[in-house]
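> Show me the folded form of this:
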Amino acid sequence: MTQGRRRVLIPYAYTDTSKWPEPDIEFARADPGFAARRRAVEMYADGESAATIFDETGKDAQEVRRLVKRCISQAGDGEITGFYALLKGWRPDGYKRTAAVQHVRGGGSGGCAGALRQLFDRYPDVEEYIRALFLPESSSHSVDEVRIPYMELHGEFTTKLRELGLTDDDWPFNTENVGYKSLRKYCISLLGCDSARWIRARSGEEAARRTTVGNGQKSILPSLRAFGAVQLDFHLVDAASIIVIENAFGVEIDLPLRRWYFGLLVEEKLGLVIGVYIALELNPSSDSVLEVIESALRPLSFKEGDPRCALIVDKKVLPNQMFPELEHQCFSVLKMDNAKCNTAAEVVSNIIDTVGCAVNFGPIKAWWRRDLIERVFGALTRRGLQRLPSTYGSGPGDTRRSASPNQEAVRFRIMLNELVAIIYGCIREHNETRGDTLQKAAPIQALQAAMRHPASGFLRLPLPKPAQEDLRLMAHVEEVTVRGNLKKNVRPYVNIGRWRYTSPGLAQRYDLIEQKLIAYCDRRSTALVRVTVKDTGEDLGWIEPPRKWAGIQISFRDRALINSAGYSAQLHENGLSTVRRWVHGRADEITKKRRGKSKAPRCSKDALALARIAPKLERAEAEAEVEVKERALPEPTAPQQPPSKSHLRPAPAQVVEVGNHVESVGVDGPRMDPFGLNSIPDMHPIERGD
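Below is the predicted model of the structure:
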């Protein structure tokens, strides 16, 4: 506060110097003369005499008045500049040179402050040219040099000035560094003008995408409670693996797999893995996204021998398997990136309609926006897959990576099922590992405590009972047209994925021919399709695929893959022979591709389709064979005596009139129809090779 008479240089509203804007104390300490200059201004504001100020600070009256004028000058925000004006090198509005540069070559480079700005004012085209070279904007009409070095930029700068007619007597050619230092300083200052463009041009796209990180702004969707928000993402597996296929000659081939993905759903508050799915695909599909979500809602059931629980004693991996009260537990916000499989309209609609959550899409290739799930991926791979001899490591420079991961996978016979078991085992281990994030508690322990204490904010948010009983998260909706021909008596049917679907009820509805139906399909099974009439909403119930496909459990996506692979003609010939001929065909094709090539094992994308589809078809084939054998078993009867030779001779026939027709009967009763026209046909399917 002022103690003496008020100084006329300082407006009345700013007489209290303690309220003036001031720099950070640590920043001010870097300027040795700042304290003396500030003390002189404060003493002037307090009404001290010029002699007293000079004795204490060494600043005479003229210097003090100059400093005070700088401090009360207007800043860009409408306030006074304050004590910032006392920092060394600070200029109120930027220095603008008006006098011509008088400099002799050989006299160094000093005394030329503001010369570059003066030059750009005279030649604005030069400034635009330098900006375009230093901060190029991507365009299809021009090819620009990426991150041009300062020396190259300075060469372009001087060349341009020579074209304008500047001589050795003009600035910058009459200085020692030919304006290089000023040009470099100008380029760096452009960061303050357009930081996003500067970072994109000089540091790359990835660095530019991180502009929003660490900006001091609070999250719009903070994590306040367990199951409030979850993050979903997919990770490329970090180790090579093989599957064993058998070709038509019965020879087993160890085939390295192309790197595949697995997806996780991680609870954001506790870092708990609540959903997982192994996607044996080159790129995650929409089906894979929904499978991850469903694993968090509906508990997984592991049968005996399931590779997913090979390393887990109690066969429980996810929280909804450990705690029955978490079955069908929902969440409020789902965060994932803008990948095509995530943004598909049907995926988003199914998730919102089933779970009722908000979906937040983050930018693609910006892992820092979902750093939690990326940390979980890193922890899982470091704990498991990156410790295998077939690991790909974290990159080409990782010392853990072998020269040929595929060769190591073949050498040690690291099977696909073993990698799956390791992933599920590491998920269970992660959920039970204590860490600093939760104050030395494990994620599963923190969840258990939150469920016991209502004050934690945890809410039970189960799906409604009707939704639990008829979970349509994996539903696929398709509009189909009823086909048929009344004149030729072709009964009504619909075509879905090259298959004819019908039912006893639909087969009688000739009135629906050429009308539109809405088909509700289960993505996992081509056998589960329910239809309604589009115009009236009439429910026609379930329709069935062709009989030869009735026992095949295959997803719609895998069926489309088989059809597009060129095997549809062969596959439609017989139902239960599909597996062997499809697998053999793929095995033979892969074998032919490998002939004449390097002996080093190479991974195959076709093997991913084999690994995903063949086990499903084989299980269906085995179940169908068991069912056929059970139907073919005769009814148990009393043991009979072996027939005598007389029984081998045909008995004399008699003609008996029955009603309006005549039957041939033997001595012991009616004879069997010799052509089998009146007998029940055998239902055992006929397969090629039987």
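> can you give me the strands for the stretch 251-400 of the chain?
With strands called from DSSP state E, counting those that start in this stretch, the stretch 251-400 of the chain shows them at 252-256, 261-267, 272-279, 333-337, 358-362.
> Spatially nearest residue to the residue nearest the centre of the chain (excluding sequence neighbours)?
Residue closest to the average C-alpha location in the chain (Cα atoms, centre = their mean): residue 233, at 3.9 Å. Among residues not flanking residue 233 along the chain, residue 373 sits closest, at 4.9 Å (Cβ to Cβ, 6 or more residues apart in numbering). From N, CA and C alone the C-beta is placed, and that goes for glycine too.
> Then residue 156?
Leaving out its chain neighbours, residue 156 is closest to residue 133 (Cβ to Cβ, 6+ apart), at 5.9 Å.
> Next secondary structure after the helix or strand that contains the one you found?
In this structure, residue 133 sits in helix 124-134 according to DSSP states H and E. Next along the chain after helix 124-134, taking DSSP H and E as the criterion, comes helix 150-163.
> helices or strands up against the following helix or strand past that next one?
Once the chain leaves helix 150-163, the next helix or strand it forms, by DSSP H and E, is helix 180-193. Applying 3 or more Cβ pairs under 8 Å, 6 or more residues apart in numbering; DSSP states H and E, we find helix 180-193 packed against helix 115-122, helix 124-134, helix 150-163, helix 195-203.
> could you dump these to JSON lines with mean neighbour count, mean pLDDT and distance to residue 420?
Shown next, in JSON lines, are these (neighbours: other Cβ atoms under 10 Å; pLDDT from 0 to 100; distance: least, Cβ to Cβ, whole Å):
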{"stretch": "helix 115-122", "mean neighbour count": "17", "mean pLDDT": "85", "distance to residue 420": "64"}
{"stretch": "helix 124-134", "mean neighbour count": "15", "mean pLDDT": "90", "distance to residue 420": "51"}
{"stretch": "helix 150-163", "mean neighbour count": "15", "mean pLDDT": "92", "distance to residue 420": "53"}
{"stretch": "helix 195-203", "mean neighbour count": "16", "mean pLDDT": "83", "distance to residue 420": "40"}
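> Make TSV out of these and add distance to residue 531.
Converted to TSV, the helices and strands packed on helix 180-193 look like this (distance: least, Cβ to Cβ, whole Å):
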stretch	distance to residue 531
helix 115-122	73
helix 124-134	61
helix 150-163	68
helix 195-203	52
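> So what pairs up with residue 539 in the strands?
Beta-bridge pairing of residue 539 under DSSP bridges involves residue 532.
> now for the helices and strands packed on helix 180-193, which one comes closest to residue 239?
Smallest distance to residue 239 across the helices and strands packed on helix 180-193 (Cβ to Cβ): 32.8 Å, for helix 195-203.
> out of everything not next to it in sequence, what's closest to residue 347?
Nearest non-adjacent residue to residue 347 (Cβ to Cβ, 6+ apart): residue 286, at 4.8 Å.
> Make sure residue 267 is actually in contact with residue 275.
No: the pair residue 267 / residue 275 is not scored as a contact, 9.3 Å apart, by Cβ atoms under 8 Å.
> Overlap of the contact sets of these two?
The contact sets of residue 267 and residue 275 overlap at residue 230 (Cβ atoms under 8 Å, 6 or more residues apart in numbering).
> residues in contact with the residue nearest to residue 233?
Neighbours of residue 373 in contact, by Cβ under 8 Å, 6+ apart: 231, 232, 233, 264, 266.
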